[in-house]
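> build me a model:
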Amino acid sequence: MEQEDKQLVLDKRYLRMARIWSENSYCTRRKVGALIVKDQMIISDGYNGTPSGFENVCEDESGLTKPYVLHAEANAITKVACSGNNSDGATIYITASPCVECAKLIIQSKIKRVVYGEEYRLTDGVDLLRRAGIEVEFVAPDKESV
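Numbers count the residues shown, from 1 in each chain. Purely as a prediction, here's the structure:
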């Protein structure tokens, strides 16, 4: 098996794990998961949700996402920042393409590669990552793993 094929197998595996992790989200509109992997080890994880200590309700009465809900990437990045580890040179696997705010966090955390499994209608986050020289890859999920 070629190195490229091995990487694609790993990418799909980590994205499946991120999708499973997204199931922990209490958000009803959209569940997103993220894993940060460095040297073939998962060093952090996250899913979208409210900050620690808040009620686990992501949407208001009208169904809109509350403004203080954290995205999966932000949760994973802040979690690794609180640990003794760092994300320098790591890959982040996200079930959906990152928004521009999360892209800024990814750039600042020195993550070098972003793999995501679902396109979003806005591409400004992906565009910013590419502008920063970060490798960005869309990997479509396998039909049996969705």
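> mean confidence (pLDDT) on the host helix or strand of residue 80, please.
Mapping residue 80 onto the secondary structure by DSSP states H and E places it in helix 72-82. Predicted confidence along helix 72-82 averages 95 (mean pLDDT).
> what's that helix in contact with?
18, 22, 25, 32-36, 43-49, 70, 86-87, 92, 94-95, 98, 101-102, 105-106, 109, 111 (Cβ atoms under 8 Å, 6 or more residues apart in numbering). All C-beta spots, glycine's among them, are computed from the backbone N, C-alpha and C.
> put the alpha carbons of that helix into PDB.
Backbone C-alpha positions of helix 72-82 (Å, rounded to 0.1, in the frame of the first residue of the first chain) are rendered in PDB as follows:
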ATOM      1  CA  ALA A  72     -15.900  21.900  17.800                       C
ATOM      2  CA  GLU A  73     -12.500  23.200  16.600                       C
ATOM      3  CA  ALA A  74     -12.500  25.900  19.200                       C
ATOM      4  CA  ASN A  75     -13.200  23.400  21.900                       C
ATOM      5  CA  ALA A  76     -10.500  21.000  20.700                       C
ATOM      6  CA  ILE A  77      -7.900  23.800  20.400                       C
ATOM      7  CA  THR A  78      -8.600  25.300  23.800                       C
ATOM      8  CA  LYS A  79      -8.600  21.800  25.400                       C
ATOM      9  CA  VAL A  80      -5.100  21.100  24.000                       C
ATOM     10  CA  ALA A  81      -4.000  24.600  25.200                       C
ATOM     11  CA  CYS A  82      -5.000  23.700  28.700                       C
END
